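In: got a structure for you, letters missing:
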């Protein structure tokens with residue numbers, strides 16, 4: 001106490017003055033002594049009055065121990081707070097101080113001081129309990145709060161004696177604190193189990209479905225259409241089975257959570273009965289979430305088809321995304337055509353998209369189970385019906401039906417580059433050759449025509465064997481073989497006739513030389529014969 005401390009401070013110098021008689025004999029000493037006595041008497045009277053008032057207030061302060069352990073939080077009626085009077089702790093601190101300075105304590109104050117540790121322990125335990133209890137609502141998954149109302153109500157009923165009957169002087173506070181902590185721990189365990197199952201099983205599976213693509217396109221390699229359709233059909237079927245498995249695991253996870261909630265033992269021996277409406281609402285909620293995830297999987301699949309199999313810029317070289325379909329360019333008289341055709345490619349793409357949608361038809365609606373009280377109506381739209389009615393899906397399907405049309409013009413422009421060879425199979429070889437013969441061609445004319453066909457043959461050999469256009473790899477090897485065969489046929493017809501004509505002229509020349517040699521070898525005896533020989537020599541020269 002400050003008064004006792006101040007009295008000690010003024011007594012120490014006065015004791016020194018008392019031992020010095022010279023100072024006490026001075027005139028001013030009596031005045032100082034009177035002032036000391038007056039101050040000391042005032043401090044002692046203040047201490048005595050304060051001590052008496054404190055002793056009288058002990059009983060009033062003790063009444064704070066008769067308050068209930070808990071009260072409703074005035075700021076949030078759904079929460080509790082510890083109802084421990086702070087004046088009790090102030091009384092304990094003051095009793096400690098008075099005890100240290102040697103003042104006797106009233107029996108009531110002594111009793112409160114002796115139970116200080118117990119009061120603090122109860123207060124700390126209750127504050128720790130309420131901290132976790134008040135956080136229970138925020139840690140409970142919102143989708144399952146309706147299912148856990150009876151559990152929270154049961155714990156609330158267990159806490160209620162702390163508001164109504166139990167005071168700080170009650171003898172069974174230890175049992176009460178142990179009971180509410182044990183019940184809270186059990187409920188926290190249930191909430192943790194629900195949250196873990198929801199996050200690790202249900203939510204993770206929903207995310208897996210949402211991120212899934214029902215198609216798979218290898219990064220490398222080209223495929224024939226039949227091979228592609230068969231491969232994607234197998235992939236889609238496998239992914240469909242995976243979807244059904246994930247759906248079953250989600251429903252199993254929901255049923256396991258409901259089983260854990262219903263099998264929970266309430267403190268008052270009551271049985272947990274789930275409201276069918278709450279279960280129905282929960283199932284519908286997860287049914288909608290699963291549908292949204294399923295819709296995401298379909299969109300991912302169509303996006304993959306669009307990215308891999310729709311129009312891109314044509315190139316003679318390798319693209320970042322390798323072409324997917326092998327297309328042969330064939331000469332089928334009277335025209336050049338694709339094998340398979342663009343319509344066949346479009347049909348394969350549409351068939352793949354159709355398989356994606358059909359695979360959804362195999363996925364059952366998320367519902368039913370042991371805790372689904374209302375069976376799903378047969379009139380309820382299936383996931384297939386709902387997805388096919390989505391405007392976004394319809395728009396993507398329409399886009400995919402014309403996915404190859406964007407390359408049709410580029411394809412025709414590329415095929416037009418072969419039109420300069422069209423006469424090779426369009427024109428009749430015999431007719432064209434007869435027209436050529438009517439011009440009475442010379443050997444040089446034959447050589448010119450053969451050189452022209454040789455130049456065409458060189459142009460054919462320079463044609464790229466692979467031309468990448470969108471998702472298609474156009475292969476020209478068969479076309480080159482056919483064009484080369486046509487050129488060879490034309491060359492054969494001209495060269496054969498040229499050989500015959502050259503052979504005929506050679507035979508005439510040989511015959512002429514033989515005749516001339518015979519005439520020149522005769523002996524010249526007459527003047528007229530000499531003139532003939534000279535003329536022959538001039539002709540030969």
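Out: Looks like it came in fine. Everything quoted here is computed from the prediction, not taken from an experiment.
In: what is the mean pLDDT for stretch 231-240?
Out: In this model, stretch 231-240 has a mean pLDDT of 90.
In: actually stretch 355-362, sorry about that
Out: Here stretch 355-362 scores 88 as its mean pLDDT.
In: can you check stretch 426-434 too?
Out: 80.
In: buried ones in that stretch?
Out: Buried residues in stretch 426-434, defined by neighbour count with 16 or more other C-beta atoms under 10 Å: residue 433. Backbone N, C-alpha and C define where each C-beta goes, glycine included.
In: which helices and strands does the host helix or strand of residue 345 pack with?
Out: Per DSSP states H and E, residue 345 falls inside helix 342-361. Judged by 3 or more C-beta pairs under 8 Å, 6 or more residues apart in numbering; DSSP states H and E, helix 342-361 is in contact with helix 225-262, helix 276-309, strand 325-332, helix 383-388, helix 391-401, helix 405-416.
In: so for residue 364, which of those sits nearest?
Out: With C-beta to C-beta as the measure, helix 225-262 is the member of the helices and strands packed on helix 342-361 nearest residue 364 (6.9 Å).
In: so which elements touch that closest one?
Out: Applying 3+ C-beta pairs under 8 Å, 6+ apart, one finds that helix 225-262 contacts helix 173-197, helix 204-211, helix 276-309, helix 342-361.
In: list of residues touching the last one?
Out: The set of residues external to helix 342-361 that reach it, using C-beta atoms under 8 Å, 6 or more residues apart in numbering, is 214-215, 225, 228-229, 232-233, 236-237, 239-240, 243, 294, 298, 301-302, 305, 309, 325, 327, 382-384, 387-388, 397, 400-405, 407-408, 411, 471-472.
In: again, but for the shortest one
Out: Outside of helix 204-211, the residues that reach it under the criterion C-beta under 8 Å, 6+ apart are 243, 246-247, 249-250, 253, 289-290, 292-294, 296-297, 300.
In: list buried residues within those.
Out: Here, 16+ other C-beta under 10 Å leaves 243, 246, 247, 250, 253, 289, 290, 293, 294, 296, 297, 300 buried among the contacts of helix 204-211.
In: count of residues packed around the residue nearest to the first one when sequence neighbours are not counted?
Out: This points to residue 243. Counting by C-beta to C-beta, 6 or more residues apart in numbering, residue 363 is the residue found nearest to residue 243 once chain neighbours are left out, at 5.4 Å. Residue 363: 22 surrounding residues under other C-beta atoms under 10 Å.
In: contact partners for residue 363?
Out: 240, 243, 244, 247, 294, 383.
In: okay, those in CSV with distance to residue 434 next?
Out: Shown next, in CSV, are the contacts of residue 363 (distance: C-beta to C-beta, whole Å):
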residue, distance to residue 434
240, 66
243, 71
244, 73
247, 76
294, 71
383, 72
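In: lowest-confidence entry in those residues?
Out: Among the contacts of residue 363, residue 383 carries the lowest pLDDT, at 86.
In: that one and residue 294 touch, don't they?
Out: Yes: in terms of C-beta atoms under 8 Å, residue 383 counts as a neighbour of residue 294; the distance is 5.7 Å.
In: and the residue nearest the centre of the chain, what's its pLDDT?
Out: The residue lying closest to the centre of the chain (C-alpha atoms, centre = their mean) is residue 211, at 4.8 Å. pLDDT for residue 211: 93.
In: distance-wise, check it relative to residue 285.
Out: For residue 211, the distance to residue 285 (C-beta to C-beta, to the nearest Å) stands at 21 Å.
In: same question, residue 216
Out: Separation of residue 216 from residue 285 (C-beta to C-beta) stands at 32 Å.
In: next: residue 82.
Out: Applying C-beta to C-beta to residue 82 and residue 285 gives a distance of 38 Å.
In: what do you get for residue 445?
Out: 89 Å.
In: how about low-confidence regions in the stretch 301-450 of the chain?
Out: 309-324, 367-381, 402-406 (pLDDT under 70).
In: closest to residue 430 out of the helices and strands packed on helix 225-262?
Out: Relative to residue 430, the nearest member of those by C-beta to C-beta is helix 342-361, separated by 35.7 Å.
In: which residue ranges make up the domains of the protein?
Out: What automatic domain parsing lists as the domains of the chain is 2-63, 67-192, 212-416, 419-540.
In: distance to residue 203 added to the ones you listed, as TSV?
Out: Putting these into TSV (distance: least, C-beta to C-beta, whole Å) gives the following:
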stretch	distance to residue 203
domain 2-63	53
domain 67-192	10
domain 212-416	9
domain 419-540	36
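In: count of residues packed around residue 98?
Out: 20.
In: I'd like the helices and strands packed on helix 225-262 written out as CSV, with distance to residue 423 added.
Out: Below are these laid out as CSV (distance: least, C-beta to C-beta, whole Å):
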stretch, distance to residue 423
helix 173-197, 76
helix 204-211, 57
helix 276-309, 37
helix 342-361, 26
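In: secondary structure class of residue 79, three-state.
Out: strand (DSSP: H, G, I helix; E, B strand; the rest coil).
In: so residue 169: helix, strand or coil?
Out: Going by three-state DSSP, the secondary structure assigned to residue 169 is coil.
In: same question but for residue 336, I mixed them up
Out: Secondary structure assignment for residue 336 (three-state DSSP): strand.
In: state the distance from it to residue 346.
Out: Residue 336 is 19 Å from residue 346, by C-beta to C-beta.
In: can you check residue 99 too?
Out: 99 Å.
In: just residue 242 next, same as before
Out: Applying C-beta to C-beta to residue 242 and residue 346 gives a distance of 28 Å.
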